[in-house]
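A.B. asks: Turn this into a structure:
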Amino acid sequence: MLPEWYRIQHRRDEIPNTFTLTLEPCEHAPVPSFACGQFNMLYVFGVGEIPISISGDPEHPCPLIHTIRAVGNVSARLKHLKVADQIGVRGPFGRPWPIELAHGKDLLLVAGGLGLAPLRSVLYHVIAHRKAFGRVTLLYGARTPEDILYRKECEQWRSRSDLDVAISVDRGDDDWRGSVGVVPRLIARSLFDPTNTVALICGPEVMMRFSAVEVEHCGVPGEQIFISMERNMKCALGFCGHCQCGPFFTCKDGPVLPYLQVRDLLCKREI
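C.D. replies: Prediction:
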């Protein structure tokens, strides 16, 4: 329950109101290992703490890397911190992506907006262990070309012959030459063996709902589809109940959950 002290080693603005913090422990203590899809609680002393997915390489947990969107009091204060400032970190917490289930299978990653951050660690793992997977496809959707997260890395991934990467935007501009439209539309155009594919989906809930339906419609079994839920987590241990989603606590039962377990919940207007 007690946060450890971390120092900001580097900060980088990604897109408007979204930035990445690179953190190192203050006393050079070892950084706990994490699995793809887990999150930490980042604490600004005197303000509060928020859950943020770990977006770094799980095989190189130090320094810690988090990509954050400034949407509330804590994230706004984090945005204004500088290199050498200190924050508290608790974690890692949560259920990770079931990457081992995808070994020997095709892997389909579907991300919307900031949902690419929790999937970036999966891409790091896949690239480091490329022979363990079949065809690997990343489908990523953003609102506009200016909202594309990790733009340089996206270009590096697109240039690889062993990754299929497609990016779409809701609204293009005069310089945009890529796809225009919501990311679920990219799914039917992609090449993968539906009966031998594991799909990992992360983004706004409406995007995940339509994407999961489309993936299932393409023939991927529901038990091989996983999504990452986002809720208002306060304790990260399932004690406070703030993150309850139906019968599940997002912090300890998730954030990664089998689609079949939450399919009906995603259709509810409010839970």
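A.B. asks: Counting neighbours, what do you get for residue 256?
C.D. replies: Number of residues near residue 256 (other C-beta atoms under 10 Å) recorded here: 23. Quick note: C-beta positions are derived from backbone N, CA and C, even for glycine.
A.B. asks: Repeat that for the one 3 residues further on.
C.D. replies: One way to gauge burial is a neighbour count; for residue 259, by other C-beta under 10 Å, it gives 24.
A.B. asks: Bridged to the residue lying closest to it once chain neighbours are set aside, which residues?
C.D. replies: Of all residues not flanking residue 259 in the chain, residue 225 sits nearest, at 3.9 Å (C-beta to C-beta, 6 or more residues apart in numbering). Residues in a beta bridge with residue 225, per DSSP bridges, are residue 199.
A.B. asks: where's residue 225 relative to residue 198, distance?
C.D. replies: Residue 225 is 8 Å from residue 198, where distance means C-beta to C-beta, to the nearest Å.
A.B. asks: circling back to that earlier point, contacting residues for the residue nearest to residue 259?
C.D. replies: Listed by C-beta atoms under 8 Å, 6 or more residues apart in numbering, the contact set of residue 225 reads 198-199, 201, 212, 215-216, 258-260.
A.B. asks: What of residue 31?
C.D. replies: Here residue 31 is in contact with 24-25, 61-64 (criterion: C-beta under 8 Å, 6+ apart).
A.B. asks: Just the ones of the residues you listed in strands?
C.D. replies: 24-25, 64 (DSSP state E).
A.B. asks: would you turn those into TSV with neighbour count?
C.D. replies: Supplementary listing: the ones in strands among the contacts of residue 31 in TSV, determined by neighbours: other C-beta atoms under 10 Å:
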residue	neighbour count
24	16
25	17
64	24
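A.B. asks: residue ranges with poor pLDDT in the stretch 1-150 of the chain?
C.D. replies: Within the stretch 1-150 of the chain, no stretch has pLDDT under 70.
A.B. asks: picking that back up, looking at per-residue confidence, what score does the residue nearest to residue 259 get?
C.D. replies: You'll see residue 225 listed with a pLDDT of 98.
A.B. asks: go on, the one 4 residues further on?
C.D. replies: The model reports residue 229 with a pLDDT of 90.
A.B. asks: do the same with residue 234
C.D. replies: At residue 234, pLDDT is 84.
A.B. asks: who touches stretch 226-235?
C.D. replies: Counting by C-beta under 8 Å, 6+ apart, 1, 37, 39, 41, 50-51, 53, 97-98, 115, 118, 198-202, 205, 208, 212, 240, 242-245, 248, 250-251, 254-259, 262, 266 sit against stretch 226-235.
A.B. asks: What residues sit buried inside it?
C.D. replies: Buried residues in stretch 226-235, counted by 16 or more other C-beta atoms under 10 Å: 226-231, 233-235.
A.B. asks: Which of those fall in strands?
C.D. replies: Those of the buried residues of stretch 226-235 lying in strands (DSSP E): 226-228.
A.B. asks: Phi, psi for the nearest residue to residue 171 once chain neighbours are set aside please.
C.D. replies: Excluding the flanking residues, the one nearest residue 171 by C-beta to C-beta, 6+ apart is residue 144, at 5.3 Å. Dihedral pair for residue 144: phi -140, psi 170, per degrees, to the nearest 10.
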